[in-house]
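Novice: Okay, sequence plus prediction incoming.
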Amino acid sequence: MSDTLPDGARTSPATARNRQPILEVLQPRLPAGARVLEVASGAGEHAVFLAEALPGMPWQPSDRDDEALASIAAWRTATGLANLAPPLRLDAADLASWPEGPFEAVVCINMIHISPWAACEGLVAGAGRVMTPGGRLFLYGPFLEADVETAPSNLAFDQSLKARDPAWGLRDLAAVTALAGAHGLALAERIGMPANNLIVMFEKA
Ligand SMILES: C[S@@+](CC[C@H](N)C(=O)[O-])C[C@H]1O[C@@H](n2cnc3c(N)ncnc32)[C@H](O)[C@@H]1O
């Protein structure tokens, strides 16, 4: 990626730090030619980085926010990646806004703690609906776990999220796992990531 931002494109320093570790987790766990739906793509920097690194995989970015959609479109135009689809307006909580699919994977980075629980409910229900059998849902972000001490930085982050919106906050992995189970998605892997984040992978039966 060039140092100059394309018109309308946004950038996030966190993406520069986490995109390579995320790629290293996704790459060996995505089947060849996997069709991937990314929910809450935000600025779109993960979408362009991952689509470029995984050229055989059609990548569908999405978000519900106008500025995010404009930024993703700007990055897409600037990079001209053949496997990166135009961004889709998708509100995770609104199942009517989800595409038909099918997809072999759904990826969602840093959304479920920065949105109400209904967005997580919609994400899991939508992923359960649009994925092929064996499809994989990947969630990246910080989580709360009963048997794992929460890092002080994550506790502080949780408090700051709740101060911004009481409906936001770090999610309990056990609650997300129970919700996923109700939609036919079983927790298959929990992968520790830098800066006290996780990737959790759920598999559709
Ligand atoms: C913290 S940003 C993360 C963006 C990107 N995935 C990243 O990690 O850089 C959260 C994103 O979630 C999106 N979002 C929040 N609620 C959503 C929902 N219900 N459906 C889809 N996107 C949502 C916001 O518009 C925003 O782009």
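Specialist: Sure, I can see it.
Novice: Around the ligand, which positions in this structure sit nearby?
Specialist: Residues of the chain lying close to the ligand by C-beta under 6 Å from any ligand atom are 12, 15, 39-43, 46, 63-65, 68, 90-93, 109-111, 114-115, 119. In short, each C-beta sits where N, CA and C put it, glycine included.
Novice: ChimeraX command to pick out the buried ones of those residues?
Specialist: To isolate the buried ones among the residues of the chain next to the ligand in ChimeraX, judged by 16 or more other C-beta atoms under 10 Å, type:
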select :15,39,40,41,42,43,46,63,64,68,90,91,92,93,109,110,111,114,115,119
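Novice: Which ones among the residues of the chain next to the ligand lie within strands?
Specialist: Among these, the members falling in strands (DSSP state E) are 39, 63, 109.
Novice: show me what contacts the first one?
Specialist: Just to be clear, that refers to residue 39. 62, 90, 92, 106, 107, 108, 111, 123, 126 (C-beta atoms under 8 Å, 6 or more residues apart in numbering).
Novice: Which residue is the nearest non-sequential neighbour of it?
Specialist: residue 108 (4.4 Å; C-beta to C-beta, 6 or more residues apart in numbering).
Novice: Need the pLDDT of that neighbour.
Specialist: For residue 108, the pLDDT comes out at 99.
Novice: That one against residue 126, yeah?
Specialist: No - contact criterion C-beta atoms under 8 Å: residue 108 and residue 126 do not qualify, at 9.9 Å.
Novice: Next, show the common contact partners of those two.
Specialist: 39, 92.
Novice: what kind of secondary structure is residue 168 in?
Specialist: Following DSSP: H, G, I helix; E, B strand; the rest coil, residue 168 is assigned to coil.
Novice: quick one, what contacts it?
Specialist: Residues near residue 168 by C-beta under 8 Å, 6+ apart: 113, 114, 115, 116, 161, 162.
Novice: can I get the ones in strands among the residues of the chain next to the ligand in a markdown table with distance to residue 56?
Specialist: Formatted as a markdown table, those follow (distance: C-beta to C-beta, whole Å):
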| residue | distance to residue 56 |
| --- | --- |
| 39 | 21 |
| 63 | 24 |
| 109 | 21 |
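Novice: about what we covered before: just the closest of the contacts of residue 168 to residue 176, please.
Specialist: In terms of C-beta to C-beta, no member of those lies closer to residue 176 than residue 113, at 10.3 Å.
Novice: For the residue nearest to residue 39, name its beta-bridge partners.
Specialist: Residue 108 has the following beta-bridge partners by DSSP bridges: residue 39, residue 139.
Novice: number of nearby residues for it?
Specialist: 24 (other C-beta atoms under 10 Å).
Novice: With residue 30 instead?
Specialist: Applying other C-beta under 10 Å, we find 20 residues neighbouring residue 30.
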